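1. fold the following and give me the result.
(chains A and B)
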Amino acid sequence: MIEFVNIEKGFFGVKVLKGVSFAVKPGETVGLVGENGAGKSTLMNILGGNLQPDAGEMRLNGQPYTPRSPRDAEHARIAFIHQELNLFGNLSIAENLFIGGFPRSATWLPFIDRRKIRERTSELLRELQLPYGPDTLVERLSAGERQLVEIAKALAIDAKLIIFDEPTTSLTARETERLFAIMAKLRERGISMIYISHSLSDVLNLCDEIVVLRDGAVVGNAPASELPMERMIALMVGREITQLFPRRDTKPEEGIALDVRGVSQPSVARNITFQLRRGEVLGVAGLMGSGRSELARILFGLDPCAAGEIRLNGQLLNGLSPRERIQRGLAFLTEDRRMEGLCMEAAIADNAALVALPRFARGLFGFVSEKKSRAAVRNIREAVKLTPSARDAQPVKTLSGGNQQKVVLAKWLLNEPKVFIIDEPTRGIDVGAKHEVYRLINELAARGTGVLVISSEVEELIGICDRILVMRRGEIRDTVGASEFDRERILRAALHEGASV
Amino acid sequence: MTTTGSNPIGLRLLNQASLILFAVVLIIFGVLSPAFFQPTNAVNILIQTSSTGILAVGMTFVLLTAGVDLSVGSIMFVAAAVGGKLILGGWSLSATLVVMLAIGGLYGALNAVFITRLAIMAFIVTLATRYLGRGFGLRLTETRAMNLPESFYEFGAARILGLPLPVLIFAIVVVLAHLTLTRTPFGRQIYAVGADLDAARKAGINTRWILFLVYVICGFCAAVAGIVALSQAPAVSPGFGNNREFMAIAAAVLGGTSLFGGRGAVFPGTVLGAVLIQTIDNGLNILNVNPYLYPLITSGVIFIAVLLDAIRNRTLERLNRRRIFVEMAADQSAVKKSL
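-> Numbering: from 1, shown residues only, chains lettered A, B, ... in the order given. This is a model prediction of the structure:
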């Protein structure tokens, strides 16, 4: 189907791809894995015509393939399903499918053949079992449904090769399942796929072949059956990570850092009660939509709280604004760092210093002391092990996902929080950066900070927490201590829909 | 985690805010003055609306791409000044009109070159060309008013199929614009560009060309608006067209077009907004209200329209907020617990 032969690409003298070669056979699904910065996106940008390779060539069904623009890729029947979807919410599903090239009703008229695009769209929607009409506005669809629209778009151009780039990050468990079912169907039709994901178990389940990239080179290329998880991780990282989850030697202290009693909010949370001790790492498990993230927003004061008490070191937080809660020592790392956690255009240093800015103010007018803030940012950079190649003045958007997450962590650490709420600490970041983030969480706990970790990855919670709360439908259904950690028990509590409440 | 699919009545009313506002204004004036509902007055309102309305239609194209054109008033003035010079210099009416329309299109193209090729913000570019055009026109007319010959007035008073020519031109512009925006690939791509420029580029849309064309269309509409305005009062004064860009923006926004791009429509939206502004003017005139109060009342209505839109957006946001579980009626769950 498609073959990469010795693809090389460099930016400003830094080689990002060092002669990448592999092939995708017709009807085959290839998993592409590697740490952030391994060169996956660059390679896919070359395939999509957004970038031109410095050397090497691509062959499509044996013919040389040299795309100069996304249009060329489309003509070659190659479609991309990106992590950030490229749809227009203000247009209908049908219009979104044909926005790049509408069929005309007659060659001498400038009008769109609306009947034709409606019919074709209805057909595709039926095929994907999406229960909407072609005129439905895309903004009314959920993230998972929009992704299906992207797939419909790929089918509309009769794609022979579809690239999925981290497709499951914004999907619920059910939507992910549906996506995988549809991928199986595509495969039956003989469509080739490249599947890029940090979720290695998904890659193992879905793919025939797995290609592992490290530092711009292929370090592994084998059938999925010959690449068990540990081997894949070892290849990605270049060393055996014996322990993804670093050991923590400190135990939680006696004092209670965060005391939550009977917190309720109509339609969102019901009678949430728990205590977070100093130096404790407390996990919150639950499916997407179980109320995990909503609970965090309530605790931080972003959403209203109708009943119950929230106390930080004995101080009542109810009714305080997020700003006042930050002053009292609360920190909150949101699940969506792109939208909520970072100013992507601003410099690393400015982002890091943002929350703690009042601490660096001095003098009569409260001007920010550059010197103080610089020094503090420098210390924290070292603490979070931010990549040394990044300059303080560099915009955050130029960093990889893992390093971006470190900047967000740095931002909150500068404020020396007493309680740190972390929502999805390792979403979309690579194994190496994950390890760093876990290490930082341990360090925080060792210094006596109470850490509340919300995550959809149960292994992660089991690996780093002292205790795990399981949420379902806005309530805490189970509390599991470290000695009784059991993946099955946690999942059962998160999933169970029954009368025995 | 569900989002509500059905629209409650409150939201449906808010969606029609400009229509309701229009009805309220009509009723108030109708009650206060019987002369207001005369058919001749309705035609009058339409004639008075046509110039601003055409200007607002062009502006809608630009606003839909999340841009703005502050130079349209100056385009009207430049086209009128050049046209006046030509016709007083002995040119025929039709040749003059063709030159005026060409000036509008070229002026729009000038804006477009700066915006799309040099990537300067539309706000800044058109602010500059607004003063440029005003200055050029004032120099050309030597800041004196120019009275145009009878032919212009006759042109404005002409009726075709019983419709006054300005209203007919307005109607043609609206129909063409509406069809372009809703039925052609170009029109739908305008909405895509306004919603997300980057995604539009990735979808293979020639975004530069789309942006170029909307400014040309806007400039062209400004020239048409200038011609229609001259046909009603055939004199080019130094203040001709001054500040009309704000009337045009107000009309489009009143009609529900978003300044952030991607949302809005020429029909009924912008047309309704333009007619509404003119209706208020006309009604106040009939009621003999102190002219100094006109701007206050007009701005009050615009403020209410924008306020309603903000309330609508907030309501939408609240309705779309995530729900984790469906809240049972309090007594019902109490019963269940006691069982």
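
2. give me the number of residues near residue 176?
-> In the absence of a named chain, this looks at chain A. By the measure other CB atoms under 10 Å in any protein chain shown, the count of residues near A:Thr176 is 19. Any C-beta I mention is one placed from the backbone N, CA and C, and that applies to glycine too.

3. try chain B instead
-> Neighbouring residues of B:Leu176 were enumerated by other CB under 10 Å; the total is 13.

4. what helix or strand is it located in?
-> For B:Leu176, the element it lies in under DSSP states H and E is helix B:165-183.

5. next SSE downstream of that helix?
-> Heading towards the C-terminus - elements assigned by DSSP H and E - helix B:165-183 is followed by helix B:185-195.

6. flag the shaky bits of the stretch 351-500 of chain A, pLDDT-wise.
-> Applying pLDDT under 70 to the stretch 351-500 of chain A picks out residues A:361-364, A:366, A:496-500.

7. how about the residues of it by chain B?
-> The stretch 351-500 of chain A comes close to chain B at residues A:Arg473, A:Gly474, as judged by CB under 8 Å from any CB of the partner chain.

8. so what's B:Val253 up against?
-> Residues in contact with B:Val253, defined by CB atoms under 8 Å, 6 or more residues apart in numbering or on different chains, are B:Leu63, B:Leu259, B:Gly273, B:Ile302, B:Ala305, B:Val306.

9. pretty sure A:Ser192 contacts A:Met1?
-> Yes - counting by CB atoms under 8 Å, A:Ser192 sits close enough to A:Met1 to count as a contact (4.5 Å).

10. common neighbours of these two, please.
-> Taking CB under 8 Å, 6+ apart as the contact criterion, the common neighbours of A:Ser192 and A:Met1 are A:Val24, A:Lys25, A:Pro26, A:Gly27, A:Glu28, A:Lys160, A:Leu161.

11. what sits closest to the fourth one if chain neighbours are left out?
-> Just to be clear, that refers to A:Gly27. Beyond its immediate neighbours in the sequence, the residue positioned closest to A:Gly27 (CB to CB, 6 or more residues apart in numbering or on different chains) is A:Gly190, lying 4.4 Å away.

12. was I right about the one you found contacting A:Lys25?
-> No - in this structure, A:Gly190 sits apart from A:Lys25 without contact. The criterion is CB under 8 Å, and the distance is 10.8 Å.

13. quick one on the thing from earlier: quick one: buried ones out of the shared contacts of A:Ser192 and A:Met1?
-> Among the shared contacts of A:Ser192 and A:Met1, those that count as buried by neighbour count (16 or more other CB atoms under 10 Å in any protein chain shown) are A:Val24, A:Gly27, A:Glu28, A:Lys160, A:Leu161.

14. measure the first one to A:Met1 for me?
-> Look at A:Val24 and A:Met1: by CB to CB, to the nearest Å, they are 5 Å apart.

15. again, but for A:Val470
-> A:Val470 sits 44 Å away from A:Met1, going by CB to CB.

16. which of these two has more neighbours?
-> When A:Val470 and A:Met1 are compared for neighbours, A:Val470 comes out ahead with 27 against 21, by other CB under 10 Å.

17. distance of that one from chain B?
-> For A:Val470, the distance to chain B (CB to the nearest CB, to the nearest Å) stands at 14 Å.

18. angles on the backbone of the residue nearest to A:Arg174 when sequence neighbours are not counted, please.
-> Residue nearest to A:Arg174 in three dimensions, not counting chain neighbours: A:Gly144, with 7.9 Å by CB to CB, 6+ apart. Per-residue torsions, A:Gly144: phi -70, psi -40 (degrees, to the nearest 10).

19. next up, the contacts around A:Gly144.
-> Taking CB under 8 Å, 6+ apart as the definition of contact, the neighbours of A:Gly144 are A:Ser170, A:Leu171, A:Thr172, A:Arg174, A:Glu175, A:Thr176, A:Arg178, A:Leu179.

20. do you know the pLDDT at it?
-> Turning to A:Gly144, the model gives it a pLDDT of 79.

21. residues in contact with the nearest residue to B:Ile190 once chain neighbours are set aside?
-> Of all residues not flanking B:Ile190 in the chain, B:Leu64 sits nearest, at 5.2 Å (CB to CB, 6+ apart). Listed by CB under 8 Å, 6+ apart, the contact set of B:Leu64 reads B:Leu181, B:Ile190, B:Tyr191, B:Gly194, B:Val214, B:Thr257, B:Gly261, B:Gly262, B:Arg263, B:Gly264.
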